[in-house]
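> what shape does this take:
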Amino acid sequence: MRGFLTLILLVAVERVAELVVSNRNLEWSKAHGGKEFGAGHYPVMVALHTGLLVGAVAEARARRRWVWPAFWVVVVAQALRWWCITTLGKQWNTRVVVVPGAARVTGGPYRVIPHPNYVAVVLEGAALPLVGGAWVTALIFSAANAALLRTRIRVENAALQSLS
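Just a heads-up that it's a prediction; the model follows:
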């Protein structure tokens with residue numbers, strides 16, 4: 001259980017690092033005329049991702065197992081997430097913000113998949129709880145995340161159309 005708690009703590013620290021980068025990029029975007037789209041679903045996304053970490057810990061305490069294949073999926077998801085963040089540079093954000101005149105990024109993982117960061121979110125959301133045997137949390141998060149991503153991707157696609 002200690003190893004799983006350490007993993008959850010590391011993911012939580014990674015989330016804080018993402019928020020630091022996101023807030024810095026948000027300030028840059030606003031300074032360059034950036035417009036936010038779909039702000040209404042953002043608090044739901046924050047609550048859902050916080051619930052993932054809390055739910056995984058709570059359920060894993062009862063199960064007490066470590067699932068290595070799921071761990072490696074989490075590692076791959078983190079690598080993909082940070083590839084997306086570095087590829088987008090100042091344009092990456094946890095919010096949907098478009099800076100007028102900015103070029104649409106089509107390099108890195110965006111060459112292959114239109115929304116690779118959401119692939120990372122889906123992989124991590126399913127695998128992270130499973131590392132600790134928290135399959136109920138994985139199912140609940142995955143279902144709720146699918147509904148949220150449906151909205152999020154629709155908002156993001158509409159925002160990206162404004163770059164054309």
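> just read off the phi/psi values of the closest residue in space to Gly132 that isn't next to it in sequence.
Nearest residue to Gly132, sequence neighbours excluded (C-beta to C-beta, 6 or more residues apart in numbering): Ala60, at 2.9 Å. Where you see a C-beta, it was placed from the backbone N, CA and C, and this is true even at glycine. Phi and psi for Ala60, reported as degrees, to the nearest 10, are phi -60, psi -30.
> which residues sit in contact with the nearest residue to Phe71 once chain neighbours are set aside?
The shortest distance from Phe71 to any residue other than its chain neighbours is 4.9 Å, reached at Val131 (C-beta to C-beta, 6+ apart). Val131 is in contact with Phe4, Leu7, Ala60, Trp66, Val67, Ala70, Phe71, Val74, counting by C-beta atoms under 8 Å, 6 or more residues apart in numbering.
> same question, Glu124
Per C-beta under 8 Å, 6+ apart, neighbours of Glu124: Val11, Val73, Val74, Ala77, Gln78, Arg81.
> mind pulling the model confidence for it?
Predicted confidence (pLDDT) for Glu124: 98.
> C-terminal to the strand or helix carrying it, what's the next element?
Here Glu124 sits within helix 116-131, counting by DSSP states H and E. Sequence order places helix 135-161 as the next helix or strand after helix 116-131, per DSSP H and E.
> check which helices and strands that following helix is in contact with.
Contact analysis of helix 135-161 by 3 or more C-beta pairs under 8 Å, 6 or more residues apart in numbering; DSSP states H and E lists strand 35-37, helix 42-63, strand 96-98, helix 116-131 as its packing neighbours.
> could you give the separation of the last one from the chain centroid?
On the basis of C-alpha atoms, centre = their mean, to the nearest Å, helix 116-131 is displaced by 8 Å from the centre of the chain it belongs to.
> C-alpha coordinates for it, PDB please?
Only the C-alpha atoms of helix 116-131 are listed here, as PDB (Å, rounded to 0.1, in the frame of the first residue of the first chain):
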ATOM      1  CA  PRO A 116      -3.200  13.100 -27.800                       C
ATOM      2  CA  ASN A 117      -3.400  14.600 -24.300                       C
ATOM      3  CA  TYR A 118      -6.800  13.100 -23.900                       C
ATOM      4  CA  VAL A 119      -5.500   9.700 -24.800                       C
ATOM      5  CA  ALA A 120      -3.000  10.200 -21.900                       C
ATOM      6  CA  VAL A 121      -5.900  11.200 -19.600                       C
ATOM      7  CA  VAL A 122      -8.000   8.100 -20.600                       C
ATOM      8  CA  LEU A 123      -5.000   5.800 -20.200                       C
ATOM      9  CA  GLU A 124      -4.100   7.200 -16.800                       C
ATOM     10  CA  GLY A 125      -7.600   7.400 -15.600                       C
ATOM     11  CA  ALA A 126      -8.200   3.700 -16.200                       C
ATOM     12  CA  ALA A 127      -4.700   2.500 -15.200                       C
ATOM     13  CA  LEU A 128      -3.800   4.600 -12.100                       C
ATOM     14  CA  PRO A 129      -6.500   3.100  -9.900                       C
ATOM     15  CA  LEU A 130      -5.900  -0.400 -11.300                       C
ATOM     16  CA  VAL A 131      -2.300  -0.200 -10.100                       C
END
